[in-house]
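Chemist: have a look at this prediction, sequence included:
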Amino acid sequence: MPRRFRLLIIAMVLPLGAAAACRSTPAERPPGYLVAAVESYPLAIDPRYSTDANSVRIGNLIYNSLLRADENLALQPELAADWRRLDERTYFFRLRDNVRFHNGQPLTAADVKYTYDSILDPGRRSPKRGSLKHLAAVEQASRNELLFRLDAPHAPFVEQFTMGIVPAGVPNGSYPPPGSGPFMLQSMDPGEKLVLRANPNYWEGQPTLAGLVFKNVPDAIVRVLEFKRGAVDFVQNDLEPDVLPWIRANAAADIIVRPGTIYQYIGINLTHPILKRLKVRQALALAIDRESIIRHLLKGMGQAANGVVAPGNWAHDAEDARLQSWPYAPERAKRLLDEAGCVDPDGDGPRPRFRLSFKTTNIELRRRIAEAFKEQLRQVGVELEIRSYEWGTFYSDVKKGNFHLYSLAWVGVTDPDVHYQLFHSASTPPNGDNRGRYSNAEVDRLLELGRVTFDQAARKQIYRRIQGILAYELPYVPLWWWKNVVVKKPALEGFVPYPDGELVSFKKASLR
């Protein structure tokens, strides 16, 4: 649907609904509660099973972890009163002694051990079991002390200390176990809404907000209308960029834009007889005008990217010339295609050099971006056939390697070891997410070295070299890092947006 028609629909529909409901009903909004709209209902709140973004973000309000990333993505102690690495295979933790679960039970080292052991239990089928493959044992040293022992040095393992902790002995089940976080699960209405209430006994102090209602509103236009009429107080990243000016002009709203870490890219099938040619991939990167797409389609809600790791991450190197984004240079792209043996058969005529398919979802913004790619590649003699699918079919094809080109985003990248999962030759599916079948012996060697190097400065140099190679060889065409956009009612104060979209600052927010 073109932008002007979407905005016209908003303008026409709004007066019809505004008179009927200017506020949420009491059942939707208990006194002092904030209502947040989400695009999809969380699938699994139990932290041992949560994988979708909304489950993880909402779950982090319910469950504490040993460590938690702050607004600068630096890991800070949460349940840990003290922690340190004793050697390359051993970590020591001492817990805070004043933490209780929502059911009143004290949180001890036994609960931490149980949480990790239950994830490792193959019978429980936790999707996070693979991330703990180097964990040999969790040993309880005392009521509040424990040791994590690995079977090999593994520098990125520190990220696994952000797992939410559940009480020892809780069985598998459809209803989430109690946590120890700032908010408690009050009710679940599957597919509709999930309600949290403030934990009055939270160890950092009871939150000011009485509670939170996460309301599932799948339709983008309806989310705008719900916000305008006061049924929703908060939306994060679930609004299309071109409705933001309308909201700014027509609703009482604070719009906060911050740098983000969500990385959008074009994935490439490197087994394709044309796409396996380096100069072809480089030509595709030069033919795409990222800045124009960011300006016109994303309304400035993105930043041109040069790789997976975003600015602000300790492993990002903004000064390395090898990591600069590929500029828009269509004439240079044509020369590279000629050099790759893909000569234009009729000059500026209608016949293409070659044809490729591009897979995407049927979400409108994704289709509009794909159309922009198609037109830009046509200018250099490449014909792109757009194939759009509903999410399940699209993602299934990507995982199977059934594509020429596709576009997806990586969310929540913190440790640069993610490159192992994406680009190591041993990480082809089902062993990882190297879906394009990229293989480079030097990259493999460096990725393995990065896993056993603990000094951060030395690790940064290793990943700088990795990112430089990837920026040149282009197993992905980097597009942009999405900016983090929060639309909220002015009455909400104290909420701090996180680059990865985390919601944990709700514990210190208030409604005036």
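Modeler: Looks like it arrived, so ask away.

Chemist: switch to C-alpha atoms for all contacts and neighbour counts from now on
Modeler: Will do.

Chemist: Ala491 contacts Arg512, correct?
Modeler: Yes - counting by CA atoms under 8 Å, Arg512 is a contact partner of Ala491 at 5.2 Å.

Chemist: more neighbours, the two?
Modeler: Using other CA atoms under 10 Å as the criterion, Ala491 and Arg512 rank with Ala491 on top: 13 against 9.

Chemist: show me the contacts for the residue minimising distance to the centre of the chain.
Modeler: Of all residues in the chain, the one closest to the mean position by CA atoms, centre = their mean is Val411, 1.8 Å from it. Neighbouring residues of Val411 by CA atoms under 8 Å, 6 or more residues apart in numbering: Thr261, Ile262, Tyr263, Asp500.

Chemist: now do the strands in the stretch 201-350 of the chain.
Modeler: Taking DSSP state E, counting those that start in this stretch as the criterion, the stretch 201-350 of the chain carries its strands at 211-216, 234-236, 254-268, 302-304.

Chemist: any chance of CSV for the ones you listed, columns distance to Arg295, mean pLDDT and mean neighbour count?
Modeler: CSV is the format used below for the strands of the stretch 201-350 of the chain (distance: least, CA to CA, whole Å; pLDDT from 0 to 100; neighbours: other CA atoms under 10 Å):
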stretch, distance to Arg295, mean pLDDT, mean neighbour count
strand 211-216, 30, 96, 24
strand 234-236, 20, 95, 21
strand 254-268, 15, 93, 21
strand 302-304, 8, 93, 22
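
Chemist: wait, Leu150 sits on Leu132?
Modeler: No - the criterion here is CA under 8 Å, and Leu150 misses it with Leu132 at 9.2 Å.

Chemist: who's more crowded, those two?
Modeler: Neighbour comparison, Leu150 and Leu132: the larger count goes to Leu150, with 19 against 15 (by other CA under 10 Å).

Chemist: next, work out how far apart that one and Gly191 are.
Modeler: 40 Å (CA to CA, to the nearest Å).

Chemist: tell me the confidence at the residue nearest to the centre of the chain?
Modeler: Per-residue confidence at Val411 stands at 81 (pLDDT).

Chemist: what's the answer for the one 3 residues further on, then?
Modeler: The pLDDT attached to Thr414 in the predicted structure is 86.

Chemist: got the contact list for it?
Modeler: Contacts of Thr414 (CA under 8 Å, 6+ apart): Leu73, Val309, Asn313.

Chemist: which single one of those residues is nearest to Phe92?
Modeler: For the contacts of Thr414, the minimum distance to Phe92 (CA to CA) is 21.9 Å, reached by Leu73.

Chemist: need the distance between the two termini of stretch 328-347.
Modeler: This stretch, stretch 328-347, spans 21 Å end to end (CA to CA).

Chemist: enumerate the positions of that stretch that are buried.
Modeler: Buried residues in stretch 328-347, counted by 16 or more other CA atoms under 10 Å: Tyr328, Ala329, Pro330, Ala333, Lys334, Leu336, Leu337, Asp338, Ala340, Cys342, Val343, Asp344.

Chemist: how about the residues you listed in a markdown table, adding pLDDT and distance to Arg96?
Modeler: Below are the buried residues of stretch 328-347 laid out as a markdown table (pLDDT from 0 to 100; distance: CA to CA, whole Å):
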| residue | pLDDT | distance to Arg96 |
| --- | --- | --- |
| Tyr328 | 95 | 53 |
| Ala329 | 96 | 56 |
| Pro330 | 96 | 59 |
| Ala333 | 97 | 58 |
| Lys334 | 96 | 62 |
| Leu336 | 97 | 60 |
| Leu337 | 97 | 61 |
| Asp338 | 96 | 65 |
| Ala340 | 96 | 61 |
| Cys342 | 95 | 64 |
| Val343 | 94 | 67 |
| Asp344 | 91 | 68 |
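
Chemist: which of these fall within helices?
Modeler: Pro330, Ala333, Lys334, Leu336, Leu337, Asp338 (DSSP state H).

Chemist: and Tyr395, what element?
Modeler: Element membership of Tyr395 [criterion: DSSP states H and E] is helix 391-400.

Chemist: contacts for that helix?
Modeler: Lys359, Thr360, Thr361, Asn362, Ser388, Phe403, Tyr406, Pro429, Asp433, Arg435.

Chemist: who does the third one form a beta bridge with?
Modeler: Beta-bridge partners for Thr361, by DSSP bridges, are Tyr389.

Chemist: separation between the residue of the chain most remote from its centre and Pro352?
Modeler: Most distant from the centre of the chain: Asp346, at 43.6 Å, with distances by CA atoms, centre = their mean. Distance, Asp346 to Pro352, by CA to CA: 8 Å.

Chemist: again with Lys133
Modeler: 48 Å.

Chemist: out of these two, which sits in the busier spot?
Modeler: A count of neighbours by other CA under 10 Å puts Pro352 above the other of Lys133 and Pro352, at 20 against 12.

Chemist: and the gap between the closest residue to the more buried one other than its chain neighbours and His272?
Modeler: Among residues not flanking Pro352 along the chain, Gly381 sits closest, at 4.9 Å (CA to CA, 6 or more residues apart in numbering). Note on Gly381: its distance to His272, by CA to CA, is 18 Å.

Chemist: one more: Arg84?
Modeler: Taken as CA to CA, the span from Arg84 to His272 is 47 Å.

Chemist: neighbour count for those two, which is higher?
Modeler: Each of Arg84 and His272 has its neighbours counted (other CA under 10 Å); His272 has more, 13 against 10.

Chemist: hang on, the more buried one packs against His404?
Modeler: Yes - with contacts counted by CA under 8 Å, His272 reaches His404, the gap being 7.0 Å.

Chemist: helix or strand next in line after the lowest-mean-pLDDT helix or strand in the chain, which one?
Modeler: In the chain, the helix or strand scored least confidently by mean pLDDT, DSSP states H and E is helix 3-18, which has a mean of 46. Once the chain leaves helix 3-18, the next helix or strand it forms, by DSSP H and E, is strand 33-38.

Chemist: now do the helix or strand following that following strand: everything it contacts.
Modeler: With elements assigned by DSSP H and E, the helix or strand that comes after strand 33-38 is helix 53-62. Applying CA under 8 Å, 6+ apart, the external contacts of helix 53-62 come out as 38, 40-47, 50, 164, 178-185, 501-504, 507.

Chemist: give me the mean pLDDT for helix 53-62.
Modeler: Taken as a whole, helix 53-62 carries a mean pLDDT of 93.

Chemist: and the angle for that helix with strand 33-38?
Modeler: For helix 53-62 against strand 33-38, the angle by axes from the mean of the first three to the mean of the last three CA atoms, to 10 degrees is 160 degrees.

Chemist: tell me which strands the helix or strand just after helix 53-62 pairs with, and in which orientation.
Modeler: Per DSSP H and E, the first helix or strand lying C-terminal to helix 53-62 is strand 67-69. Partners of strand 67-69 in the sheet, by DSSP bridges, are strand 75-77 (antiparallel).

Chemist: buried ones in the partner strand?
Modeler: So strand 75-77, judged by 16+ other CA under 10 Å, has buried residues Leu75, Pro77.

Chemist: again with stretch 115-130
Modeler: When neighbours are counted by 16+ other CA under 10 Å, the buried residues of stretch 115-130 are found to be Thr115, Tyr116, Asp117, Ser118, Ile119, Leu120, Ser126, Lys128, Arg129.
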